[in-house]
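*Asks:* Pasting the sequence and the predicted coordinates here, then a few questions.
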Amino acid sequence: MSEVRKNKSSKIREAIEKLPYFTIDDLMPIEKDKNYLKVLLYRLSKNGTVRSLKRGMYVSKNFLDNINKKNSISRYVEFVGNIIYEPSYLSLEYVLEKYGVMSESVNSYTLVSKKKTNKFSNHLGIFKYYNIREELFSGFEINKSGDFLIAEATCTKALFDFLYFRKNILFSAEQIDELRLNLDSFAKKDFKELEKYVYLEKSKKMRKIFNYLTKKDL
């Protein structure tokens, strides 16, 4: 390797340690030869210096080590969930578990997107994305946690999304009971918010599900 390439390689290593994620295009101000960058990233991935988040998107091990020391890894992984498939927001089982609505543990990150249904796996976890109609892509907040902006549904919208993607298999009160949802913390205002999304969605199936939940819990 020439001295010039060695210097560029060092600059690249230094640059990526500060980035929460990067692509080849992000490194081109340092090195314009894409083929060289591909080879370099392949080598860095092989020796563990760089980790792949998805095809063409990476993060350095040093960056991960640093946020681990800051106890920020859980929020970073949520941030990664947003950025590897944009636009998307955390919802469904993952958010419901946070609020104690789910009675069973969740082993993946569940998100809602305007793009087609998809799934990604990397060393940080499994990320599942569910497609929703444009007018229902709402009910989430973008909050800053440290250096990370994270889009996450409200508990009520996460519940709506959870039921919405199951509306074609929920035909009775018994089937809804079998979901074992803990709605003890839901107040009238929460059910009003849920009703707003049900009206927006406009299906008789969601109206029936909503009517059952309100009769049971109000």
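*Replies:* On my side now, so go ahead.

*Asks:* For V95, see how far away the residue most central in space within the chain is.
*Replies:* Taking C-alpha atoms, centre = their mean, the centroid of the chain lies closest to G81, which sits 3.1 Å from it. Separation of G81 from V95 (C-beta to C-beta, to the nearest Å) stands at 11 Å. In this view, the C-beta of every residue, glycine as well, is placed from N, C-alpha and C.

*Asks:* What are the buried residues along the lowest-mean-pLDDT helix or strand in the chain?
*Replies:* Comparing helices and strands within the chain by mean pLDDT, DSSP states H and E singles out helix 3-16 as the least confident, with a mean of 83. For helix 3-16, the neighbour count (16 or more other C-beta atoms under 10 Å) marks K8, S9, I12, I16 as buried.

*Asks:* Need phi/psi at M57.
*Replies:* Phi and psi for M57, reported as degrees, to the nearest 10, are phi -130, psi 130.

*Asks:* so it touches E86, yeah?
*Replies:* No - contact criterion C-beta atoms under 8 Å: M57 and E86 do not qualify, at 11.2 Å.

*Asks:* And the two? Which one has more around it.
*Replies:* Shown here are M57 and E86; by other C-beta atoms under 10 Å, M57 has more neighbours (17 against 10).

*Asks:* Okay, domains of the chain per the record?
*Replies:* The chain is divided into the following domains under automatic domain parsing: 3-66, 73-217.

*Asks:* Run through who's touching stretch 144-153.
*Replies:* Stretch 144-153 is contacted from outside by 20, 70, 72, 75-76, 78-79, 82, 87-92, 95, 112, 139-143, 161, using C-beta atoms under 8 Å, 6 or more residues apart in numbering.

*Asks:* roughly how far apart are L41 and T49?
*Replies:* 9 Å.
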